[in-house]
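K.L.:
A predicted structure for the sequence below; I have some questions about it.
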Amino acid sequence: MDFGLNDAQRLLLDTVRRFIRDELQPLEEQVEEQGYLAPEAAMAIHEKAKSLGLYALNISEEFGGGGLCAVDRMLCEEQFGHTSDILVRRAFGNVYEALLACQGAQVARWLAPCVRGERVCSIAITEAGAGSDAQGITTRAVRTPSGWLLNGSKHFISDAAVSDFFLVSARTGDRGISLFMVDKGLAGFTLGRDQPMMGLRGTSHLELWFDNVALEPLALLGEEGQGFKMAMAVLGQVRLAQVGARAVGKASHVLELMVEQARQRRQFGQAIADFQLVQQMLADSVIEVNAARWMMLHAAWMLDTGIDARDQIAMVKVHAAETLGRVVDRAVQLFGGMGYCKDLPIERYYRDARIYRIYDGTSEIHRTVIARSALRRGAALFDLHR
Ligand SMILES: Cc1cc2nc3c(=O)[nH]c(=O)nc-3n(C[C@H](O)[C@H](O)[C@H](O)COP(=O)(O)OP(=O)(O)OC[C@H]3O[C@@H](n4cnc5c(N)ncnc54)[C@H](O)[C@@H]3O)c2cc1C
């Protein structure tokens with residue numbers, strides 16, 4: 001087993017780290033205060049990231065993306081965790097792998113402009129009445145002589161304010177759930193309110209309403225009735241990247257600040273780092289973050305090797321999200337009153353971390369998946385040598 005990085009990986013990570021430190025982190029406070037990222041700033045970081053070859057790293061080179069394997073991508077995603085969600089979205093893109101199912105004319109219309117950063121796509125699965133139970137949706141698309149007629153609604157759709165089109169799940173006939181590419185601006189398609197969130201300032205989360213929206217036949221992604229399977233297949237990678245790897249990055253970032261604070265802050269005539277109860281907070285955080293990192297890279301390696309990684313990704317999702325929660329909680333404690341005060345970003349990290357246990361499948365849902373696998377196939381399922 002080789003746990004080292006090669007020269008190409010080191011160069012890539014150095015480039016990403018420098019870009020995040022110099023271009024993105026300085027914008028964080030401004031976004032937090034204003035509640036949005038100014039379009040000019042968004043364009044500037046997008047152009048710079050693109051010029052460095054850092055846009056759409058997850059998409060194959062055939063379509064103009066970075067073509068990174070899963071391990072290299074997760075190494076980058078971990079670094080992305082060192083800054084805010086909205087800055088990552090605008091700088092590095094958020095191109096869903098599901099779009100790789102585009103065929104023929106769909107490629108030029110929906111996939112390629114996303115990879116070039118000319119169009120933004122959000123994924124719209126959740127409804128007010130169907131969250132964890134993603135198959136319980138009531139949005140429906142009915143076939144017509146000229147295509148489809150879409151009716152229903154979605155909510156909590158991230159980035160919807162800036163998105164040009166949406167990957168929408170809808171019930172089709174008796175044949176299950178299908179995915180449609182729905183352009184903003186179509187008659188009958190309206191954006192609802194921006195649902196205010198605890199954290200993630202700068203990223204919009206909108207309701208979407210579909211009232212007899214006429215879709216052309218080209219809008220169907222993949223085969224009718226295969227949408228749920230397709231969404232679940234690709235969302236695994238998204239989950240590993242945007243929750244697993246980013247949670248590891250966020251926890252590492254917070255940990256660096258904790259170590260620095262423990263060294264600098266003096267009470268009772270000595271650095272608080274000298275107190276064993278403070279050391280325990282650091283030690284537990286280091287242990288948990290490192291365990292999460294290796295779990296995450298192992299799952300990425302499985303993806304690259306073609307081994308089914310669904311259970312491992314579920315484990316990473318739970319462990320990394322919960323590790324992040326514990327680490328930011330300890331960070332608030334270690335910083336004392338300053339951890340709770342808005343003069344420092346610790347309280348923001350605390351708020352931003354909470355969602356990791358909820359979106360992309362709650363901890364409870366992933367635990368259920370893991371337990372079912374263990375009960376069906378035995379706990380040895382998780383041994384490397386089976
Ligand atoms: C900030 C944010 C961004 C989001 N972005 C998007 C997006 O871009 N696109 C999108 O489609 N969705 C998005 N979502 C929706 C997100 O994926 C859902 O909120 C999540 O899947 C949970 O669904 P729910 O909120 O309806 O909770 P519910 O499903 O109602 O769950 C409520 C509680 O019940 C528990 N529960 C439910 N079922 C079970 C079970 N079988 N066993 C045990 N416990 C169970 C849950 O774990 C949870 O604790 C976003 C949500 C938020 C808050």
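P.N.:
Cool, the structure landed.
K.L.:
please, which helix or strand holds residue 168?
P.N.:
strand 165-171 (DSSP states H and E).
K.L.:
okay, that strand in PDB with CA atoms only?
P.N.:
Output of strand 165-171 as PDB, limited to C-alpha atoms (Å, rounded to 0.1, in the frame of the first residue of the first chain):
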ATOM      1  CA  PHE A 165     -31.300  25.000 -15.300                       C
ATOM      2  CA  PHE A 166     -32.200  22.300 -12.900                       C
ATOM      3  CA  LEU A 167     -32.000  18.500 -12.800                       C
ATOM      4  CA  VAL A 168     -35.500  17.800 -11.600                       C
ATOM      5  CA  SER A 169     -36.800  14.400 -10.400                       C
ATOM      6  CA  ALA A 170     -40.400  13.700 -11.400                       C
ATOM      7  CA  ARG A 171     -42.700  10.700 -11.300                       C
END
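K.L.:
please see if it touches the ligand.
P.N.:
No. Using CB under 6 Å from any ligand atom, strand 165-171 stays clear of the ligand, with a minimum separation of 7.8 Å. (C-beta placed from N, C-alpha, C; glycine too.)
K.L.:
what's next to that strand, contact-wise?
P.N.:
Contact with strand 165-171 is made by 96, 98-99, 110, 119, 121-125, 134, 137-141, 150, 152, 154, 157, 160, 177-184, 208, 210, 221, 227-228, 231, as judged by CB atoms under 8 Å, 6 or more residues apart in numbering.
K.L.:
which SSE is immediately downstream of it?
P.N.:
strand 177-183.
K.L.:
can you give me the buried ones in whichever helix or strand comes after that next one?
P.N.:
Counting by DSSP H and E, the next helix or strand C-terminal to strand 177-183 is strand 189-194. The neighbour-count check on strand 189-194 (16 or more other CB atoms under 10 Å) flags residue 189 as buried.
K.L.:
what's the angle between strand 189-194 and strand 165-171?
P.N.:
Inter-element angle recorded for strand 189-194 and strand 165-171: 100 degrees (by axes from the mean of the first three to the mean of the last three CA atoms, to 10 degrees).
K.L.:
can you show me the CA trace of strand 189-194 as CSV?
P.N.:
Provided in CSV are the C-alpha atoms of strand 189-194 (Å, rounded to 0.1, in the frame of the first residue of the first chain):
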residue,chain,number,x,y,z
PHE,A,189,-41.8,27.6,-14.0
THR,A,190,-41.4,30.1,-11.1
LEU,A,191,-38.9,30.5,-8.3
GLY,A,192,-40.3,30.7,-4.8
ARG,A,193,-38.8,32.3,-1.8
ASP,A,194,-35.2,32.0,-0.6
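K.L.:
circling back: check the contacts of strand 165-171 against the ligand, which are close?
P.N.:
Checking those against the ligand by CB under 6 Å from any ligand atom, the ones in range are 122-125, 157.
K.L.:
so which of these are in strands?
P.N.:
122-124, 157 (DSSP state E).
K.L.:
biggest separation within those residues, which pair?
P.N.:
For these, the farthest-apart pair by CB to CB is 123 and 157; their separation is 7.7 Å.
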